[in-house]
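Asks: all I have is the shape, not the residue letters:
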């Protein structure tokens, strides 16, 4: 694997850092939390104009045909500026599911690329925790020429800002897990939204006798589990890259703070104990980036090897993110927990990322099972 950026990746990173650095300031993030959908609509339109939302869509389906590595480069920049817009949910996970459909989904992919559509995965159900290989209690039954969806989902990340829910369900009379597209405004769909710790949004969703066309089945049950696993691993890699970007920003923020903060007539950065903390944070961040590279190197491997690599990377990155963000708070003292300090926002974002698509314990169990 070549660890150097290609010319295209360097241009992508430079443009992302310029735009995000200008717009996603601390003041902007604090103001954006009042947006019920959790999405900055103007910024999302800019993401589309810059080509970011089309990055992972295959060229044959109207996208830019970027690689997983390209997606990770952009995700690192998003993480550095604490962007909570649903890039991973829509442009990575959702786009991959549509691209892997048996039917023609060019219209849906074009809408994602153009910033006109946002989607959210609705998979987790009450009473379970990261049950990505378990049969779904949410069911699709056949009534004449139509399908009817019933069930409940919980903690659907980015659902409040989505126009379409990608719902995992069991279809009556068929083995496996299907993925069906459901209009968020359809009759019988009830979403209960709530904010997460980092300002992003999630929702619990109930489906009561929701009528669907046959075309709503994006992925048939026979292929659903495999496609879902691919999409989740890609979305996880995006979040891991965002975590690495956030950690690198934590280093910058803390380095500046210990040089400016004075105590006993000198910068606190001169105290050896704090230098040790910064050194630990530096090492953990570089280990996290190495873990991300391992996941990227195995992103196109056969499923068992890919999932093992993604889980090992998740353990490394997520453990490092907790060390870096918590030590960053320690360096700032009590001020670090306040909303006015950048480090508190990184702490909250990294805590949410640690829980999305499988926490540390989940990935430890998945590695053990492999």
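Replies: All right, it came through fine. This one's a predicted model, so the numbers in the text were calculated from it and none came from an experiment. Residues are numbered from 1 along each chain as shown.

Asks: all strands for this protein, in order.
Replies: 119-122, 139-143, 146-157, 164-171, 178-183, 189-195, 201-212, 217-219, 262-263, 266-267 (DSSP state E).

Asks: name the surrounding residues that touch stretch 174-181.
Replies: Stretch 174-181 is contacted from outside by 97, 108, 119, 135-136, 140, 147, 149, 164-171, 212, 216-225, 227-228, using CB atoms under 8 Å, 6 or more residues apart in numbering. Yep, even glycine has a C-beta here, placed from its N, CA and C like the rest.

Asks: most packed of the strands of the chain?
Replies: Of all those, strand 119-122 carries the top mean neighbour count, a mean of 29, counting by mean count of other CB atoms under 10 Å.

Asks: which helix in the protein runs the most residues?
Replies: Taking DSSP state H as the criterion, the chain has its longest helix at helix 221-260.

Asks: tell me the contacts of the residue nearest to residue 329 when sequence neighbours are not counted?
Replies: Once flanking residues are discounted, residue 329 sits nearest to residue 336: 3.9 Å by CB to CB, 6 or more residues apart in numbering. For residue 336, the contact set (CB under 8 Å, 6+ apart) comprises 328, 329, 330, 343, 344, 347.

Asks: so what's residue 336 scoring on pLDDT?
Replies: pLDDT recorded at residue 336 is 85.

Asks: related to what we said a few turns ago, so what does the longest helix of the chain touch, helix or strand wise?
Replies: helix 68-80, helix 95-99, strand 164-171, strand 178-183, strand 266-267, helix 272-297, helix 303-332, helix 342-355 (3 or more CB pairs under 8 Å, 6 or more residues apart in numbering; DSSP states H and E).

Asks: to residue 204, which of these lies closest?
Replies: Smallest distance to residue 204 across those (CB to CB): 11.8 Å, for strand 164-171.

Asks: identify the residues contacting the closest one?
Replies: By CB under 8 Å, 6+ apart, the residues outside strand 164-171 that reach it are 93-94, 97, 108, 117-123, 135-140, 147, 149, 151, 153, 156, 159, 176-184, 189, 205, 207, 217-218, 221, 224, 228.

Asks: still on that earlier bit, for the contacts of residue 336, give me JSON lines that also has pLDDT.
Replies: Output for the contacts of residue 336, formatted as JSON lines (pLDDT from 0 to 100):
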{"residue": "328", "pLDDT": "95"}
{"residue": "329", "pLDDT": "94"}
{"residue": "330", "pLDDT": "93"}
{"residue": "343", "pLDDT": "95"}
{"residue": "344", "pLDDT": "95"}
{"residue": "347", "pLDDT": "97"}
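
Asks: out of those residues, who has the most neighbours?
Replies: Neighbour counts for the contacts of residue 336 (other CB atoms under 10 Å) peak at residue 328, which has 27 neighbours.

Asks: could you list every residue that touches that residue?
Replies: 250, 253, 254, 281, 336, 343, 346, 347.

Asks: out of these, who's nearest residue 103?
Replies: Nearest to residue 103 among the contacts of residue 328: residue 346, at 41.5 Å, using CB to CB.

Asks: my guess is that closest one contacts residue 246. True?
Replies: Yes - using CB atoms under 8 Å, residue 346 is in contact with residue 246, at 5.1 Å.

Asks: shared neighbours of these two, anything?
Replies: Common neighbours of residue 346 and residue 246 (CB under 8 Å, 6+ apart) are 82, 325.

Asks: below-threshold pLDDT in the protein: ranges please.
Replies: In the predicted model of the chain, residues 1-2 satisfy pLDDT under 70.

Asks: what domains does the record give for it?
Replies: According to automatic domain parsing, the chain comprises the domains 7-117, 120-220, 224-369.

Asks: what sits against residue 327?
Replies: Residues near residue 327 by CB under 8 Å, 6+ apart: 254, 277, 280, 281.

Asks: separation between the closest residue to the second one other than its chain neighbours and residue 250?
Replies: Spatial nearest neighbour of residue 277, excluding adjacent residues (CB to CB, 6+ apart): residue 327 at 5.1 Å. The span separating residue 327 from residue 250 equals 9 Å under the rule CB to CB, to the nearest Å.

Asks: same deal with residue 203?
Replies: Residue 203 is 29 Å from residue 250, where distance means CB to CB.

Asks: test my guess that residue 342 contacts residue 27.
Replies: No - using CB under 8 Å, residue 342 is not in contact with residue 27, being 10.9 Å away.

Asks: these two - which one has more neighbours?
Replies: When neighbours are counted by other CB under 10 Å, residue 342 and residue 27 differ, and residue 342 comes out ahead with 21 against 8.

Asks: so what's that one up against?
Replies: By CB under 8 Å, 6+ apart, residue 342 lies in contact with 26, 249, 253.
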